[in-house]
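[1] Fold the following for me, if possible:
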Amino acid sequence: MTLFYEYSYYFTQCGFVTTSIANTLFIYLTILHIKKITGPYKVMILVFSFVGIFFATWELVSRPFAHNYNKALMYFSLNSWLEGSPEFLKIAICIYAALYIVILAIIAVQFLFRYFTLCRPNFSRKFGGAGVMVWMFYVLLSGAIYGGAMYVNCDHDEFSDSYMRDIISVTYELNITNVPRYVIVPYSEDGSIRWRIIKFLLSGVATIALQYLIIIYCGVRMNTVLQKELAQQSVVNRKLQKQFFRALVVQTIVPTLLFVLPIAPFLIGPLIQPFFLFEMNFQTGWMLSFYVCTHQLILLHSCSLYQNTRKQHWVKMFKPVLPKTVKVTSEISTSTAAAVTR
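    Here you go, the predicted structure:
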């Protein structure tokens, strides 16, 4: 049963490398070579890339992991080189959790901007200039609500530690008192509700639901408007708008299918387990190892602007240089041909 947590750090390191490469390439192409993407949308996708790099880097520091055991979920750090700073690591895994919401909120803002670009172009301009500070505040606030609620409401106590002590010792060979941790146990020993845990769960569900509400509403509206508005635009612009819309949809679906939906049963498991009387004992931390590099890889692959620019860039880098003898031979041949003609 130790396989997942023993090898999770290798996945984290691979994720850091792939995320850094994908986002660095994306930033490089966007800033220096892509001229058709400008204004607020360019700022959004660049912010998204920088957050992706920070997210992957922070995962190396915080080394988050999770374990479900019946009516409890323990969220903790496996970092061994900062074990002398447990309070810092507790804050670190809160920030890591908040970054998931930040990433989702940035996608929601992109949907909102694309929607206003199609339906209310004048209003979409408000996303630039001082408006950048507004939507960035919204993004950071969304993450702060989730991470802050975890920090305030999910701190361990004597009951939660005693509930998880044996399983953590057997599975990870760790003394729970030495592990930076948050333990989510919704019910007390007598079955009564622990309301501070419920507050965290409700705030988390509300924050995530708001992002998906924005994404779904704007996505449905954009799909309808695209069919009408794009018919009046040029073929090139029509194709580009469709590609950005398709990339946004895939950027939402991929993390939803790979991370949100698979881990949802384990998040709500502690709430429903007492009612169904089934046993839960899973290392769920490996599910945290789906990386944000997929978002930019999707855009790099699905948008013809990036495809063409990337191909042109590689061609320039690896274009063979003809030796000078070829040029001399060519000149000689030309001169000979001219002489023959005369």
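
[2] Spatially, what comes nearest to Leu118 if we skip its sequence neighbours?
    Nearest residue to Leu118, sequence neighbours excluded (C-beta to C-beta, 6 or more residues apart in numbering): Val225, at 4.8 Å. In short, each C-beta sits where N, CA and C put it, glycine included.

[3] Tell me, please, where in the chain the pLDDT is lower than the cut-off.
    1-6, 226-245, 247-248, 251-252, 254-267, 269, 272-278, 285-342 (pLDDT under 70).

[4] just the helices in it please.
    3-32, 39-62, 86-119, 121-124, 131-153, 158-172, 195-229, 235-255, 261-276, 293-302, 304-318, 324-341 (DSSP state H).

[5] Report the buried residues of the fifth one.
    Same thing as helix 131-153. 131, 135-136, 139, 142-147, 149-151, 153 (16 or more other C-beta atoms under 10 Å).

[6] Report how many residues lie close to the residue nearest to Leu118.
    14 (other C-beta atoms under 10 Å).

[7] Pretty sure it sits against Phe116.
    No - Val225 lies out of contact with Phe116 (C-beta atoms under 8 Å); the separation is 10.7 Å.

[8] quick one, phi psi at His156?
    His156 adopts backbone torsions of phi -70, psi 160, taken as degrees, to the nearest 10.

[9] residues making contact with stretch 152-165?
    Here stretch 152-165 makes contact (C-beta atoms under 8 Å, 6 or more residues apart in numbering) with 67, 69, 72, 74-75, 176-177, 181-185, 188-189, 196-197, 199-200.

[10] Likewise for stretch 195-204?
    So stretch 195-204 is contacted by Ile145, Tyr146, Ala149, Met150, Val152, Asn153, Cys154, Ile184, Val185, Pro186, Leu271 (C-beta under 8 Å, 6+ apart).

[11] can I get the CA coordinates of it in CSV?
    The C-alpha trace of stretch 195-204 is given here as CSV (Å, rounded to 0.1, in the frame of the first residue of the first chain):
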residue,chain,number,x,y,z
TRP,A,195,-19.6,22.7,12.4
ARG,A,196,-16.2,24.2,11.7
ILE,A,197,-15.5,21.4,9.3
ILE,A,198,-18.9,21.9,7.7
LYS,A,199,-18.1,25.6,7.2
PHE,A,200,-14.9,24.7,5.3
LEU,A,201,-16.8,22.1,3.1
LEU,A,202,-19.6,24.6,2.3
SER,A,203,-17.2,27.4,1.5
GLY,A,204,-15.2,25.1,-0.7
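
[12] Mind listing what's buried along that stretch?
    In stretch 195-204, counting by 16+ other C-beta under 10 Å, buried: Ile197, Phe200, Leu201, Ser203, Gly204.

[13] now do stretch 177-185
    Buried-residue list, stretch 177-185, by 16+ other C-beta under 10 Å: Val179, Pro180, Arg181, Tyr182, Val183, Ile184, Val185.

[14] Out of the residues you listed, give me the two with the largest separation.
    Pro180 and Val185 (17.3 Å; C-beta to C-beta).

[15] What's the local residue count around Glu189?
    9.

[16] Contacts only, for it.
    Contacts of Glu189 by C-beta under 8 Å, 6+ apart are Phe159.

[17] For it, give me the backbone phi and psi.
    phi -60, psi -30.

[18] swap in Gly191?
    phi 90, psi 0.

[19] Among the contacts of stretch 152-165, which ones are in strands?
    His67, Tyr69, Ala72, Met74, Tyr75, Arg181, Tyr182, Val183, Ile184 (DSSP state E).

[20] Using CSV, lay out these together with distance to Ser8.
    Shown next, in CSV, are these (distance: C-beta to C-beta, whole Å):
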residue, distance to Ser8
His67, 12
Tyr69, 18
Ala72, 20
Met74, 15
Tyr75, 14
Arg181, 16
Tyr182, 18
Val183, 19
Ile184, 20
